[in-house]
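Chemist: Need a 3D model of the sequence below.
(2 chains)
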Amino acid sequence: MKVNIDYDSGPGLRIIRRVIDGRLIWVRGFNGVGKTLAATMLAIASGGHKFEHLKEFESLKHALKFVNISIQVDEKTEFLVKLSPQKWEFLQEAMTIDNSTLGEFYLDGKEMSVEDFQRQFQAKIVKGNETLSTQIQEMIDRNISVFREWEEKTSLSLQLYADFVKELSIKLQIGRLDTLREKSSELGRLREKALRLQLQKKEYETIVESLAALNRIDSDIEFYEQHNKEKLQEDLAKTREELDDLRGHVSELGEKRGDLRATIRQEIVTQQQAYDRLLRRSEILKERIRSGKLDLLKTLQKLEISIELEALDPEAVTSEINAKKMEYRQSEITLKKQREDIFLKRSLLETADHIKGILVSEQDKLFDEVVAEGYLESISQRIELTTNELRDLVENRTLSIQKKLAGTPVEQVNARLKRLSDLRRKCQSVLRANKTLNRQIDELGPIKRRIEQFEIMGGDRTEPASQMIKELDGEIEKTQFKIFEHENRIQEINDNITKIETMPSLESLDGQRENLFAPISEKLMLDKAQRITDDFIRIQKQTTEKLEYELAETIGSQSRLEKEIAAIRRNIDRVVSEATLNDELDFLFQSIEKEMPPTEKLEIVRKRLEAFLDYVDLEILQNIKEVDITLEQMLEFQKQKQAVEEYQFPKIGETLEKIFNAEFLRNYSRRDFMEHVFRGFEEIVGFDLKNNEISLRDSEGEITTRLISAFSSGEKAFTFALAMISLFGRETASHKILFLDEFGALLDFVKEDVLLKELEREVFRDRKIEKVVILLPVKFDLEKQISELSRLLEFVEGDEKDRTRSTMRQLSSQAKDLKKNGYYQYETQIS
Amino acid sequence: MVKFDLILEHNPCIREIVEVLLANKSPSVQELIKMVVEGTDQHAAKEVLKHFVTYEKHIMGEES
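Modeler: Numbering: from 1, shown residues only, chains lettered A, B, ... in the order given. Take a look at the predicted model:
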């Protein structure tokens, strides 16, 4: 049988393309060249491959585009398998590929069904690293995967159901049931509270009534203790006398006050007249002062003195006038000097005219004769003058004086002096008028003060009488108050006398007190001698009022709550009514009596929904979880090689132990295992997975217990593999190919010839299996071997030399294949 | 969807475990468990709840 594989894949995935013809083929190659994958493709085609994980399947499916496998059984028989990985569907339940999606199958060019193919052809991979322990772990692990998946699915389902139930609850407004229950419960509490408050209130009202009666009785008793009729009558007589005296005293004081008022009235008339006079005088003076001020102001204006009317007072006027007078005096002195100067100049002019006349008349006689000598200051020089020169000089001087005299005529100066004289007279007149004004102002001052006095207090003379009247008023008021007090006292005494005359006797009051006190004394913890005060009653009344208020509040709340409850019930009625007519919701109400109140119907639905979630959670999910946990523990016991704890769920542990025990017995009690793995024993008695033990019976009937891990050594692994090979040998397919994978480590324990011997016995005898392919890593250095053989050639002769050459050729071919493909293969002849 | 029955069919050991778990359970409970394990969509939720409501007395009766 030879196998050819054609394929297309993504990068990184390789499959060896050929398995040469022959019954026992060794394939040695580097890791990753696709030795195991070639075996896997054949196992997939024959429906015998179980994936470890979904990811392994997905990874393979996505990497492969197509795989065509040609299985040339012999010259007459050829299978062709066209795998179509893109169409593969995974059966998660069996961890295999759905047969119907594997691809197309042909026998000698004719299409055949997958089932027919698998009936005729089987490929099996037996791994050399499998042991009893690893296989048991694998079996448990497979179970865990299923239960874990169920657990996950159920958790998801539960979450989904919870959401769905929540959605239904919202649609049905089931939350209102809680509100209704809370509010109904609250209403019940309020009703109880109202009843309790009513009873308490009634009780306190009775107590307060009794206390009030007791208070009245105590008051009467106290009255008896404080008063007696005779003493009251004495007080009455005495008080009446005092009242009469007081009334008389008031009358006297009233008369006195009347006299004083008459005196004051007379005095006021007299004062009135004086006041009128003062007012008139004051007005006259004010008018005079006012007109005097106006006149003065006019005169001052004439004197060019500017004073405002408001600022016009005698002192200011005097000061201004004196200043003016001083100014006028200065002007007068100046004018007078000016006038004297004019007179002097006139005199000089006359003298000059006279001299000029003399010079003119004497001119002919004194012609050019020096007639005058002098010193001229302006040139600081002594000069000598002739008659003409002197005449010219005089003329010039005359002209100069004339010019000066022409500027200020003496009449004008005199006029000014006269005006100044008038002004000074006016100043004097002003000073006189000012003096008069000053005197009038001085006179007005006292008059104004007296007027003010009158206006403030009506004059001084009535003051003492007024004071006395005030004192009398006070005394009258006090006495009247005393009268009022006495009148009240008399009324009070009279009332008390009446009360004493109408009151029950003291003995009778004591009896009444006894009757009223007894029922409330215990309730209020009262001492018998304790007097019932108004304050005490008020406190009890406050308690009653507080109870009343609380009761009203409670009844109000109760009423509001009743309305709310009614509204909720109406709402539930509507929702339930609508739901029972709704195709989406009516199933929830099935088998509920139609006559049942809607609230109760909804309550049943709520319980159904809760029971549903609880059931899924507690009865389904929890059970699955428990199985999963127990399986996990079981696996852990196997890995730990001993039980590290008890099963968390002992009953499930026990059950699973039984089930697995039966399963393992079914698997491993077969002859193949007894011959290879448990050689020397007759049968397996049972497995104890918790303690990681296996019990075996020998031919003597003796039972031996061993650790399962004891069957995990390399040698035991080999025997285990042989058992698996043996089992495959008994499969009924016409053509079988066996791949021994991961056998490298095993061959360290078992010699190659032992393996071949066992294969001969289990596989090739009777052609139980047509072809065996042993997959191994590259172990030998082929080049080195060839080199060693070439050296050996020098030392051998004849057949030995031929065989050596043949081996060298074979090794060279293998080295070439290895270099080219990453693997090489060869056949070992079987005897 | 993971078919409950198929898993049982392919796994004799699991079938036995499930049989133990479901021992003495009525078909309605078995059906319910099957629906829960298989159904994870809104429609399934309604169907499972319908089934539960229909057989509530049987299911809960067995529990009690």
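Chemist: what's the following helix or strand after the strand or helix carrying A:I358?
Modeler: Element membership for A:I358, per DSSP states H and E: helix A:314-361. Once the chain leaves helix A:314-361, the next helix or strand it forms, by DSSP H and E, is strand A:370-376.
Chemist: Just the angle for that following strand relative to helix A:314-361, thanks.
Modeler: Using axes from the mean of the first three to the mean of the last three C-alpha atoms, to 10 degrees, the direction of strand A:370-376 lies 150 degrees away from that of helix A:314-361.
Chemist: and the angle for the helix ranked longest in chain A with helix A:314-361?
Modeler: Longest helix in chain A, counting residues (DSSP state H): helix A:229-302. Going by the same axes, to 10 degrees, helix A:229-302 is angled at 10 degrees with respect to helix A:314-361.
Chemist: Would you mind pulling up the elements that helix A:229-302 packs against?
Modeler: Applying 3 or more C-beta pairs under 8 Å, 6 or more residues apart in numbering or on different chains; DSSP states H and E, one finds that helix A:229-302 makes contact with helix A:314-361, helix A:410-457, helix A:463-502. All C-beta atoms are positioned from the backbone trio N, CA, C, and that covers glycine.
Chemist: Count the neighbours of A:N582 for me.
Modeler: 14 (other C-beta atoms under 10 Å in any protein chain shown).
Chemist: Who are the contact partners of A:S699?
Modeler: Residues in contact with A:S699 (C-beta atoms under 8 Å, 6 or more residues apart in numbering or on different chains) are A:E682.
Chemist: out of the helices and strands packed on helix A:229-302, nearest to chain B?
Modeler: Among the helices and strands packed on helix A:229-302, helix A:463-502 comes nearest to chain B, with 83.6 Å by C-beta to the nearest C-beta.
Chemist: pLDDT-wise, which helix or strand of the chain ranks last?
Modeler: Let's take chain A. Lowest by mean pLDDT, DSSP states H and E among the helices and strands of chain A is helix A:746-749, with a mean of 68.
Chemist: what about the chain, any weak spots by pLDDT?
Modeler: Picked chain A for this. Across chain A, the ranges flagged by pLDDT under 70 are A:93, A:366-367, A:407-408, A:457-461, A:641-644, A:712-715, A:746, A:748-750, A:831.
Chemist: if you could check chain B rather than the one you did, that'd help
Modeler: Looking at chain B by pLDDT under 70, you get B:1-4, B:6-7, B:10, B:39-42, B:62-64.
Chemist: Mind doing that once more with 90?
Modeler: Applying pLDDT under 90 to chain B flags the ranges B:1-50, B:52-64.
Chemist: all helices for it, in order.
Modeler: Here chain B has its helices, by DSSP H, at B:4-10, B:12-21, B:27-38, B:42-54, B:56-63.
Chemist: mind checking which of those is nearest A:F147?
Modeler: helix B:12-21 (7.7 Å; C-beta to C-beta).
Chemist: Quick check: chain neighbours aside, which residue is closest to A:Q638?
Modeler: Spatial nearest neighbour of A:Q638, excluding adjacent residues (C-beta to C-beta, 6 or more residues apart in numbering or on different chains): A:Q137 at 4.9 Å.
Chemist: Let me see the contact set for that neighbour.
Modeler: Counted by C-beta under 8 Å, 6+ apart, A:Q137 has contacts A:L635, A:Q638, A:K639.
Chemist: Same question for A:K50.
Modeler: By C-beta under 8 Å, 6+ apart, the neighbours of A:K50 are A:A94, A:M95, A:T96.
Chemist: got it, and A:R531?
Modeler: Counted by C-beta under 8 Å, 6+ apart, A:R531 has contacts A:D218, A:E222.
Chemist: A:E507 and A:Y224, how far apart?
Modeler: Distance from A:E507 to A:Y224, counting by C-beta to C-beta, to the nearest Å: 10 Å.
Chemist: Those two: which is more packed in?
Modeler: For the pair A:E507 and A:Y224, the greater number of neighbours falls to A:Y224 (15 against 7), based on other C-beta under 10 Å.
Chemist: my read is the more buried one is in a helix, agree?
Modeler: Yes: counting by DSSP: H, G, I helix; E, B strand; the rest coil, A:Y224 is found in a helix.
Chemist: Give me the distance from stretch A:304-322 to the chain's centre.
Modeler: Relative to its parent chain, stretch A:304-322 has a centroid offset of 86 Å by C-alpha atoms, centre = their mean, to the nearest Å.
Chemist: whoops, I mixed them up, stretch A:138-146
Modeler: From the chain centre to the centre of stretch A:138-146 is a distance of 51 Å (C-alpha atoms, centre = their mean).
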